[in-house]
Each structure stands twice: as C-alpha cells, then as structure tokens.
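*Asks:* Requesting a structural model of the entry that follows:
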Amino acid sequence: MMITPIHRFRDIERKPEYLQPDKCVPPPSHSSLGTMWFIRDGCGIACAVVTWMLVFYADFVVLLVMLVPSRDYVYSVINGILFNTLAFLALASHFRAMLTDPGAVPKGNATKEFIESLQLKPGQVVYKCPKCCSIKPDRAHHCSVCKRCIRKMDHHCPWVNNCVGENNQKYFVLFTMYIALISLHALIMVGFHFLYCFEEDWTKCSSFSPPTTVILLILLCFEALLFLIFTSVMFGTQVHSICTDETGIERLKNQEPTWEKVSGWEGMKLAFGGNFSLSWLSPFSDLSCKKLPPARAMTVAPAETLSQEEIEQFLEQTVALQVSKY
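*Replies:* Sure thing, here's the model as predicted:
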C-alpha cells in the first residue's frame, strides 16, 4: 500500500530537525536500561498517593463502620473478603500500570551513526521526534510529561502517574474495572447499612457515634458514586479503543487509519497478552505472549515518489500547518 505524503509527514513538529541527526545525543548505555520505570512528576505522584488513600479510606469505612459491628457474621465475612479482594486487585493493577514501561521508544537513537547503520535505500526516510531525538515508530506519540515517545500512546493519566500505551493498557483497564466494582459494592453496602440503622438503634449499628457514622457513610457514598461514574466511563472508553484499534490521541486528532486494523477480539488478545483465560483478570500476569503485527513495529517508511529536494520543499510548506496543531 502506498503511503500518502500527508501520512508520511504526520509527526514533523515545528521544524524539520530530523534532517539534522548530528544534534542528537547518543542513547544511554545498556546498563541503565534495566532500571525501574517511574515518572518523577509531582502532580502525578500526588494523584497516585490520593488514589491509594481513597481506597484505604473506603476499606476503613466498610470494615470498621459497616461490617465489624454487624450481627450477621456470614454477611460480614463474605462482603469483607469480596471487597478486600477487589481492592487488592485494584491497587495491584494501579501499581503495575504506574511502574510498567508503557512502550517508550529508545531515547536519543536518531544519531547519524545509528541512521547510517540502518542502511536505508535511496529515497527512504525515517521519522524522528525533535523533542527526544528518537526514531519514531508508526503510531507513536511524544508525551510532554514522560518526555519520551510512547508506542501506541492512548493518553497520559495522572492518576497512575504514567502514560497508557501498548505495554500497560491491560493494567490500566483492570484498574478502572476493579475500582468501578469496589465503588459499586461500597454503594450497595452503604444503602443496606442505612436501612439497617434506620430500623435498629443507631448506637448499635456502628462502633462510632451516630453523627460520625452518618458523616463517614455520606463521604464514602459520595466518593464511591464519583469514582463509579469516572472509572466506568474510562473502562468503556479503553475497551472501545482496543476493539476499534484506535487510540485516544488518534481519535482526538480524527486521524485517518493508515495501518491495518485488527478485529475487536484480536485487539483484546493483543492488549491482554494471548487467548482468553483467567490471566486476563490478573494484574500479575505478563504480556510475554503478546505478538504485534509487523506493521506496528515498522520504523522505516519508504518514500516511493519523493526525492530529498521534494521532501525539504514539502517540509517548508507544512511547518506552519504543523505548528497550529500543537
């Protein structure tokens, strides 16, 4: 399939620096590539800490305000185990989404030596990000917070202090799903507990005073309702993106698909790392069995019809248009 000129230059940003590989700093040594992935962003770290604190608050109210004082031992045990299991899976999913490399492109590899090592044929060009000086794969986008190009980037989420990309989208989907489930579970238990307190003596339905009990339950109800709506929408959006094989950025830019889209079920298997199994629901399973189509790993794009002079002329004419998009 022939690639149109518009697609060929979709990632040129502000100025054609990709024609100047001498300005790039060589990539880091291999010894530094095995370090843990963590984004040092103050806002993202604060949002991640708040997320954990809200889950712990919900667990505190569920256990000490509603379940422990309950006279129904079976009800307390079943709901306590169910809520804490879902909360544990939610926090584990958040942990994996935050500390997993979302698909960062090697930084600074667009050097003259590396480009020469690709042994490009005459007329071939490579996409280069002028911000992180990396050779840009198809469907990769630069994140200003992570300061890296991310393969199949959907968006940067401050709640997980990380980008959502091809390597951690599964964990983000699980995080939103489990948070929605514990929010729904908490709302149902709050409703039953209010009915129980209205029918019984308020001093016996909780180990706290009646005013404190009411305030704690109302705050939990507000928190659960807010996050149920938010995470349900995010969960549906992510599943839709996976099934349509279109990221949030591509949908926002109304980008015409120039890649071969996969079917909805195939997209789910790619995102979750294999055929359907219980491992889909586990934040502890890896994506080692994930196989990407060849088109997604392509880093070199042939310029079948444009010469180098035509490329430079086209860049000069499109710089102003590209600036307006950013």
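
*Asks:* and the nearest residue in space to Ala97 that is not next to it in sequence, which of the three is it?
*Replies:* If the residues on either side of it in the chain are set aside, Ala97 comes closest to Tyr171, at 3.9 Å by Cβ to Cβ, 6 or more residues apart in numbering. C-betas here are computed from N, CA, C, even on glycine. Of the three states, Tyr171 takes helix under DSSP: H, G, I helix; E, B strand; the rest coil.

*Asks:* tell me the contacts of Tyr171?
*Replies:* With contact set as Cβ atoms under 8 Å, 6 or more residues apart in numbering, Tyr171 has these partners: Ser93, His94, Arg96, Ala97, Thr100, Pro283.

*Asks:* got the contact list for the closest residue to Gly80 other than its chain neighbours?
*Replies:* Using Cβ to Cβ, 6+ apart and skipping residues adjacent in sequence, the residue nearest Gly80 is Leu67, 5.1 Å away. By Cβ under 8 Å, 6+ apart, the contact set of Leu67 is Tyr75, Ser76, Asn79, Gly80, Met189.

*Asks:* what's near enough to touch Arg139?
*Replies:* Neighbouring residues of Arg139 by Cβ under 8 Å, 6+ apart: Arg151, Lys152, Thr247, Glu250, Trp259, Arg296.

*Asks:* Secondary structure element holding His142?
*Replies:* Assigned by DSSP states H and E, His142 belongs to strand 140-143.

*Asks:* What's the mean pLDDT across the longest helix anywhere in the chain?
*Replies:* Ranked by residue count under DSSP state H, the longest helix found in the chain is helix 210-244. Mean pLDDT, helix 210-244: 94.

*Asks:* which residues sit against the very next helix or strand once past that helix?
*Replies:* Per DSSP H and E, the first helix or strand lying C-terminal to helix 210-244 is helix 248-252. The contact list for helix 248-252 (Cβ under 8 Å, 6+ apart) reads Arg139, His141, Met153, Asp154, His155, Thr237, Ser241, Gln255, Pro257.

*Asks:* How is the last one assigned, secondary-structure-wise?
*Replies:* Which is Pro257. Following three-state DSSP, the label given to Pro257 is coil.

*Asks:* what does the third one give?
*Replies:* Put simply, Met153 is coil when judged by three-state DSSP.

*Asks:* That one - nearest residue in space that isn't next to it in sequence?
*Replies:* Spatially, and ignoring its direct neighbours in sequence, Met153 is nearest to His141 (4.4 Å; Cβ to Cβ, 6+ apart).

*Asks:* Run through the bridge partners of the one you found.
*Replies:* Ile150 (DSSP bridges).

*Asks:* what about it, how many neighbours?
*Replies:* For His141, the neighbour count with other Cβ atoms under 10 Å is 22.

*Asks:* going forward can the numbers begin at 54, since that is how I track them
*Replies:* Shifting the count to begin at 54 puts that one at His194.

*Asks:* Quick check, pLDDT for it.
*Replies:* So His194 comes in at 89 (pLDDT).

*Asks:* So it versus Thr300, what's the distance?
*Replies:* Per Cβ to Cβ, to the nearest Å, His194 is found 8 Å from Thr300.

*Asks:* Confirm for me that Trp312 is in contact with Asp191.
*Replies:* Yes - counting by Cβ atoms under 8 Å, Asp191 is a contact partner of Trp312 at 6.5 Å.

*Asks:* These two: which is more packed in?
*Replies:* Taking neighbours as other Cβ under 10 Å, Trp312 and Asp191 compare with Asp191 leading, 20 against 16.

*Asks:* In three-state terms, label the more buried one for me.
*Replies:* Classification of Asp191 using three-state DSSP returns coil.

*Asks:* Can you tell me the SS state at the residue located most distally from the centre of the chain?
*Replies:* Centroid-distance maximum for the chain: Asp254 at 46.6 Å, with Cα atoms, centre = their mean. Here Asp254 is recorded as coil under three-state DSSP.
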